[in-house]
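S.K.: pasting the structure only:
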């Protein structure tokens, strides 16, 4: 019997992600929508959100009132009820 090689999981991200569950508000030129930040890094975040009316490339602002954070970004991907945001401005602290 030939042993199976172990698969390595390679993380190709520029920044380390941190799991979280922060209630937030996503703002666009056309609408505001409640969401939850599921994970975050210095480069972006993953949102749990109703993705209707959102499109890849949309410019957004995300506010996290409980943490007094606010940052701008672009939607880079959408899948079911999730959206990936790449920050164009970084919060002072995470």
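M.R.: Good, I have the coordinates. Just so it is clear, the structure is predicted and the values come from calculations on it, not from any experiment.

S.K.: low pLDDT regions in this structure?
M.R.: 1-13, 90-94 (pLDDT under 70).

S.K.: now the strands for it?
M.R.: 18-27, 32-40, 44-48, 59-64, 69-79, 82-87 (DSSP state E).

S.K.: Burial-wise, tell me which of these comes out on top.
M.R.: Highest mean neighbour count of the strands of the chain: strand 44-48, a mean of 22 (counted as mean count of other Cβ atoms under 10 Å). C-beta here means a position set from N, CA and C on the backbone, and glycine is covered the same way.

S.K.: tell me how far stretch 20-34 is from the chain's mean position?
M.R.: 11 Å (Cα atoms, centre = their mean, to the nearest Å).

S.K.: Correction: the previous question concerned stretch 41-49.
M.R.: Using Cα atoms, centre = their mean, the offset of stretch 41-49 from its chain centre is 1 Å.

S.K.: can you list the residues that contact it?
M.R.: If you take Cβ atoms under 8 Å, 6 or more residues apart in numbering as the criterion, stretch 41-49 is touched by 13-18, 24, 26, 33-40, 62, 73, 76, 81-87, 90, 94.

S.K.: Could you pull up the contacting residues of residue 14?
M.R.: Contacts of residue 14 by Cβ under 8 Å, 6+ apart are residue 43.

S.K.: 10 Å instead, please
M.R.: Shown in contact with residue 14 (Cβ atoms under 10 Å, 6 or more residues apart in numbering): 41, 42, 43, 44.

S.K.: how about those in a markdown table, adding distance to residue 66?
M.R.: Putting the contacts of residue 14 into a markdown table (distance: Cβ to Cβ, whole Å) gives the following:
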| residue | distance to residue 66 |
| --- | --- |
| 41 | 19 |
| 42 | 20 |
| 43 | 22 |
| 44 | 20 |
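
S.K.: can you count the residues close to the residue nearest to residue 15 when sequence neighbours are not counted?
M.R.: Spatial nearest neighbour of residue 15, chain neighbours left out: residue 41 (3.7 Å); criterion: Cβ to Cβ, 6 or more residues apart in numbering. If you count neighbours by other Cβ atoms under 10 Å, residue 41 ends up with 16.

S.K.: Residue 65 versus residue 41, what's the distance?
M.R.: 21 Å (Cβ to Cβ, to the nearest Å).
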